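S.K.: Task: produce atomic coordinates for the following.
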Amino acid sequence: MDLFRIVLLLICIYTFRHYFFTFNRLFGKQRHPYVDLESAAWPEITVLIAAHNEEAVVADIMKALIEADYPKEKMTIIPVNDRSTDRTREIIDAFAEQHPLIEPFHRVGGKPGKAAALKDAMTLVKTEVVLIFDADYIPGKALLRQLVAPFFDPEIGAVMGRVVPLNVGKKCLTRLLDLERSGGYQVDQQARMNLHLVPQYGGTVAGVRKSALQEIGGWNENALAEDTDLTYRLLIAGWKTAYENRAECYEEVPERWPVRVRQITRWAKGHNQAMASYIARTARCPGLGWFERIDGVLLLGVYLMGPVLLLGWLLAVVLFYTGAQIGGGLTVLALGAFTTLGNFAAFFEIAAAARLDGSRQRIRLLPLTLFGFTVSLISVSHAAWQQVRESTYGNLFGNHELVWDKTERSRTAPVLDDALSPTVPVLRESV
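M.R.: The predicted structure follows:
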């Protein structure tokens, strides 16, 4: 009974969190402190492109960056080719021959993993502002200025833009992931920005201040999720992360369910590893306000809510059939939230995001998101169970061999034309 009450209390806390963020996004004061900065003494920047066997997509992002609306004399593009065995190196070198601002970094050894590759590439970086993209992303023309603008604020250590699916019309899965991305960025991330809480650095479509990165010891090459790890090391060190909702970049989301399962499993394991490392330090960090601490702790626990929900459902069934008496005002309130609105808080967040995006027809897919939610719930629960099962004494999540575990690409050729003048369509307007 006590375990059931703890589970219900956690469900209520996260339910309230979803509703609080959604109502703030719908009716609260919106905070976009850097969005109007269009003319400035733009600093020199370095753009890192993380690439491992990306022959089908790497040309697109290099074309888009070359045509970006940023002073070319202040921009260096470093494609970080980590031991690719396909034509990635050949494509990068061909671009570099035509465009002096491209300085390839071909990594042939060292520790595997994206974080390790970025750590080695940082030895070539001479600028204070560093932008990071994965190779399958396609930035819009104004994106670089939008990501750089927050760094005029000396408190900002990292910046995150909004991710929008490029292949949204391909499959039912891609449409559902588009809804999920909308809820996560349009509502969740922007609400945390509005409330001065903890926007999350997402590892791509992002930027980091070199001095801040050096202060915290650089990239953590042992992290399964280098982005979440970086978010919390910067937070604990006193640096802020800014979220730019109107800085949209276009990605290729999974088109097959097995690929999606592997992706969400990888995210869950990396996030849980960060939770084990930073939850105690975040909770008692003297440089953070109470609301920042609470939000930071809750953000670290999001992937554990999958197993908690499954446990709650199991306990509810057991208690029902054993005739257990449930009393107490808090328990009754928690049970009511669990059996009615509590289950649908995340879906309400997605519906609000669709409204804010001005694409209300997408709301017709909302019932189908229950299937995607169930798949994610089972996947993250299985990931947590694997981590517990593989744990060793003194190291909750054991030792892992880090590899380039990237999402399978569905593109077989570049989508931008050969004229090196890409026009990336605006998929929607951000509010």
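
S.K.: what comes into contact with stretch 212-227?
M.R.: Outside stretch 212-227, the residues within contact range by C-beta atoms under 8 Å, 6 or more residues apart in numbering are 111, 113-116, 118-119, 122, 130, 157-158, 200-204, 206, 229-230, 233-234, 237, 239, 266-267, 269-271, 273-274, 400, 402. (C-beta placed from N, C-alpha, C; glycine too.)

S.K.: show me what contacts the residue nearest to residue 241 when sequence neighbours are not counted?
M.R.: Spatial nearest neighbour of residue 241, chain neighbours left out: residue 158 (4.5 Å); criterion: C-beta to C-beta, 6 or more residues apart in numbering. Residue 158 is in contact with 201, 206-209, 212, 230-231, 234, 239, 241-242, counting by C-beta under 8 Å, 6+ apart.

S.K.: so where do the strands sit in the chain?
M.R.: Assigned by DSSP state E, the chain shows strands spanning 45-51, 75-82, 105-107, 129-134, 138-139, 156-165, 206-209, 240-251.

S.K.: report the angle between the axes of the fourth one and strand 45-51?
M.R.: What it means is strand 129-134. 20 degrees (axes from the mean of the first three to the mean of the last three C-alpha atoms, to 10 degrees).

S.K.: how far is strand 129-134 from where the chain is centred?
M.R.: 14 Å (C-alpha atoms, centre = their mean, to the nearest Å).

S.K.: What of the first one?
M.R.: Offset of strand 45-51 from its chain centre (C-alpha atoms, centre = their mean): 17 Å.

S.K.: Put the alpha carbons of that strand into CSV.
M.R.: Only the C-alpha atoms of strand 45-51 are listed here, as CSV (Å, rounded to 0.1, in the frame of the first residue of the first chain):
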residue,chain,number,x,y,z
ILE,A,45,32.3,30.7,-35.0
THR,A,46,33.2,27.1,-35.6
VAL,A,47,30.5,24.6,-36.8
LEU,A,48,31.2,21.0,-36.0
ILE,A,49,29.3,18.3,-38.0
ALA,A,50,29.4,14.9,-36.3
ALA,A,51,29.5,12.2,-39.0
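
S.K.: in that strand, what's buried?
M.R.: 45-51 (16 or more other C-beta atoms under 10 Å).

S.K.: would JSON lines of those with distance to residue 177 be doable?
M.R.: Shown next, in JSON lines, are the buried residues of strand 45-51 (distance: C-beta to C-beta, whole Å):
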{"residue": "45", "distance to residue 177": "30"}
{"residue": "46", "distance to residue 177": "30"}
{"residue": "47", "distance to residue 177": "26"}
{"residue": "48", "distance to residue 177": "25"}
{"residue": "49", "distance to residue 177": "23"}
{"residue": "50", "distance to residue 177": "21"}
{"residue": "51", "distance to residue 177": "22"}
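
S.K.: Show me which of these is closest to residue 358.
M.R.: Of all these, residue 358 sits closest to residue 47, with 30.3 Å by C-beta to C-beta.

S.K.: Give the bridge partners for the closest one, please.
M.R.: residue 77, residue 131 (DSSP bridges).

S.K.: From residue 131, how far out is it?
M.R.: Distance of residue 47 to residue 131, given as C-beta to C-beta, to the nearest Å: 5 Å.

S.K.: Common neighbours of these two, please.
M.R.: The contact lists of residue 47 and residue 131 share residue 144, where a contact means C-beta under 8 Å, 6+ apart.
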